[in-house]
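[1] Got a predicted model here, sequence first, then my questions.
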Amino acid sequence: MDGVEIRRFTATDRDWLVAQHRDHYARAEGFDETFGVLVAQIIDDFIADHDSSREAGWIAWDGDQRLGCIFCVKLDGETAKLRLFLLTKGARGKGLGRRLLATCVDFARAQGYRRMKLWTHESHRAAGALYAKTGWTLTSSEPVVSFGQSLVEQHWEIGL
């Protein structure tokens, strides 16, 4: 992953990002169409009204190919939220996830946030392992039905 660049998200990345999330989670976990709708709404809201001084998204590129994404958004004055963290299948297991996560956390810290939170599902085991290895704490876990599936929702947090 030596030649991979991590660039800021732009509106031209929107359709790729929505399609990657929608298609990956439909295929891997059987998520229904409501997941793609949620991702599209999150991105559209970000494009329309984000605070560029405290919020950002990044896309990992290898030449002209996108490999992954991650976002830092404001939850409140002291808390950032990690969102939309995803790597394409071919980019997994090569350290790129750790690089994207560090980019996001370092940004949040530099913007003066005191902590960062995220929401995920227990089935995302590789991501959970990465969070645990990098100092995040699992703060809650509960069974839910979301996106047409029975899942275990997780909330993680890290002090900055």
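    Good, I have the coordinates.

[2] Figure out how far stretch 28-36 is from the centre of its chain.
    Remark: stretch 28-36 is offset 16 Å from the chain centroid, using Cα atoms, centre = their mean, to the nearest Å.

[3] again with stretch 6-24
    Worked out by Cα atoms, centre = their mean, stretch 6-24 lies 11 Å from the chain centre.

[4] In it, which residues are buried?
    By neighbour count with 16 or more other Cβ atoms under 10 Å, stretch 6-24 contains the buried residues 6, 9, 13-14, 17-18, 20-22, 24. For every residue, glycine as well, the C-beta is placed using N, CA and C.

[5] now, which of those lie within helices?
    Judged by DSSP state H, those include 14, 17-18, 20-22, 24 as members of helices.

[6] just to revisit the earlier point, let me have the buried residues of stretch 6-24 in TSV, adding distance to Asp44 and pLDDT as columns.
    TSV is the format used below for these (distance: Cβ to Cβ, whole Å; pLDDT from 0 to 100):
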residue	distance to Asp44	pLDDT
Ile6	23	97
Phe9	13	98
Asp13	13	98
Arg14	8	98
Leu17	11	97
Val18	9	97
Gln20	16	96
His21	13	95
Arg22	14	96
His24	19	93
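
[7] now these as CSV including distance to Tyr131?
    Listed next are those as CSV, based on distance: Cβ to Cβ, whole Å:
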residue, distance to Tyr131
Ile6, 19
Phe9, 21
Asp13, 24
Arg14, 26
Leu17, 21
Val18, 24
Gln20, 20
His21, 18
Arg22, 23
His24, 19
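
[8] Give me the most central residue, this protein.
    The residue lying closest to the centre of the chain (Cα atoms, centre = their mean) is Phe85, at 2.1 Å.

[9] Where does that one fall, secondary structure wise?
    Phe85 is part of strand 79-87 when elements are defined by DSSP states H and E.

[10] got the buried residues for whichever helix or strand comes after that strand?
    Counting by DSSP H and E, the next helix or strand C-terminal to strand 79-87 is helix 96-110. For helix 96-110, a neighbour-count test (16+ other Cβ under 10 Å) marks 96-97, 99-101, 103-105, 107-109 as buried.
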